[in-house]
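A.B. asks: output the structure for:
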Amino acid sequence: MENFVYERCTKIIFGKETEKLVGREVKKFAKKIMLLYGMGSIKESGLFDTVLKSLKNEGIEVIEHGGVRPNPTLNFAREAIKIAKEKKVEMILAVGGGSVIDTAKAIALGAKYSGDVWDFAEKKAIATEALPVGVILTIPAAGSESSQYSVLTNEDGPYPLKRDVIVENNQLIRPQFAILNPVLTFTLPPFQTACGVSDILAHVMERYFTNVKDVDLTDRLCEATMKTVINNGLIVMKEPENYSARAEVMWAGSIAHNDLLATGRAGDFASHMIEHELSGNYDIAHGAGLSIIFPAWMKYVYKYNVARFAQFAARVWNVDDNFFSPEAMALEGINRITNFYKELGLPTTLKEAKIPAVRFEEMAEKAVKLGNIKKTNAEDIVEIYKLSVG
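C.D. replies: Next comes the predicted model:
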């Protein structure tokens, strides 16, 4: 096990009708906020009115700003930063899923910075301050409600760049509070629910697949989280208003990405970076991109740590022990997660997603090179793309 420091500032407020408490929580940080949301579903559902009432009851002034789309863009964030500065807002309240929350974090950084927020993505500047961020989560998926991560797509250049907005102080843009009411997820379309399950599972696997030894505690935590997501993910696909199953998925989504499962270990985030090139260039849903890339990545790297993949197969997918061929176990584990994605209704190949099998070299060159099971280079990434064609 490696050395680590674990410190998290996000207060989680979980359960039915907790969105009605938002005014009380915001009041601790600000009297004037930007209320950030997506394409308008929160108004159709009535959530917007509930939130506004709670805020106004506490005397909070609200600057409304909607329109965040999936795979959020840098230019939208820049526009919102300008408004936040002009209106002198004191906090960003994100009501939505990962795209809204990631954008809120970028706005929070940019509102306290004299330069361009993209400087942080390009590591041209180090962030030292940010506005506080609060969250009402409506889509369990990205785990952004309790993470330090913010991902945006810059469409200004010759090709899109989907990148992390980097902060060295991992408490700086972690939300101050996150309200999680599973009821708010009942009306999610099946495909969006499935993409969320895929994203959550990916966050756990990226921490699970490691070459670091003697991490049995976090191995078991990761395995339990994955089994919870798998079992309850299938339930919510069939029973969208099953509160208990929705609650398990929602809480797992936060646990998956708040770094608890990463303590003492080095994860492998190569697959996430490889997928960013798909969703950045072809605007595919992130969870659907991950269901394509993960099986291909596994097939390419499993031989570099067969024992870990065999353990994944046995403990997560209940593959029978094969003492004479751990490689056969590993391959069966890969087969079972691929079939799980199919059961969710997600694509597992580029062909199924109708993404052309071209530009592999270009995307591989742009992709951030990461890895722990195997550090990927451009040639590796091209081969992984080829395995994903179908």
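A.B. asks: what segments of the stretch 201-350 of the chain are helices?
C.D. replies: Along the stretch 201-350 of the chain, the segments classed as helices by DSSP state H, counting those that start in this stretch run 216-238, 243-257, 270-282, 286-301, 306-317, 326-344, 350-353.
A.B. asks: who's in contact with the host helix or strand of residue 384?
C.D. replies: Remark: residue 384 resides in helix 378-387, with elements defined by DSSP states H and E. Residues outside helix 378-387 that contact it (Cβ atoms under 8 Å, 6 or more residues apart in numbering): 270, 274, 293, 296-297, 299-300, 350, 357, 360-361, 363-365, 367, 369, 374, 376. No exception for glycine: its C-beta is placed from N, CA and C like everyone else's.
A.B. asks: quick one: pLDDT of residue 322?
C.D. replies: Looking at residue 322, its pLDDT reads 89.
A.B. asks: ok, it touching residue 333?
C.D. replies: No. Contact criterion Cβ atoms under 8 Å: residue 322 and residue 333 do not qualify, at 11.1 Å.
A.B. asks: neighbour count for these two, which is higher?
C.D. replies: residue 333 (23 against 15; other Cβ atoms under 10 Å).
A.B. asks: residue contacts, the spatially closest residue to residue 233 that is not a sequence neighbour?
C.D. replies: Of all residues not flanking residue 233 in the chain, residue 197 sits nearest, at 3.8 Å (Cβ to Cβ, 6 or more residues apart in numbering). Going by Cβ under 8 Å, 6+ apart, residue 197 touches 141, 229, 233, 236, 249, 287, 344.
A.B. asks: swap in 10 Å and give it another go.
C.D. replies: By Cβ atoms under 10 Å, 6 or more residues apart in numbering, the contact list for residue 197 reads 140-141, 229-230, 232-234, 236-237, 249, 252-253, 287, 291, 340-341, 344, 346.
A.B. asks: overlap in contacts, residue 322 and residue 333.
C.D. replies: When contacts are counted by Cβ under 10 Å, 6+ apart, residue 322 and residue 333 are jointly contacted by 310, 313-314.
A.B. asks: if you rank those residues by neighbours, which is first?
C.D. replies: Ranked by the number of neighbours (other Cβ under 10 Å), these place residue 313 first, at 26 neighbours.
A.B. asks: can I see the domain layout of this protein?
C.D. replies: As recorded under automatic domain parsing, the domains making up the chain are 11-185, 190-387.
A.B. asks: ok now the host helix or strand of residue 63, how far from the chain's centre?
C.D. replies: Assigned by DSSP H and E, residue 63 falls within strand 61-65. Strand 61-65 has its C-alpha centroid displaced from the chain centroid by 26 Å (Cα atoms, centre = their mean, to the nearest Å).
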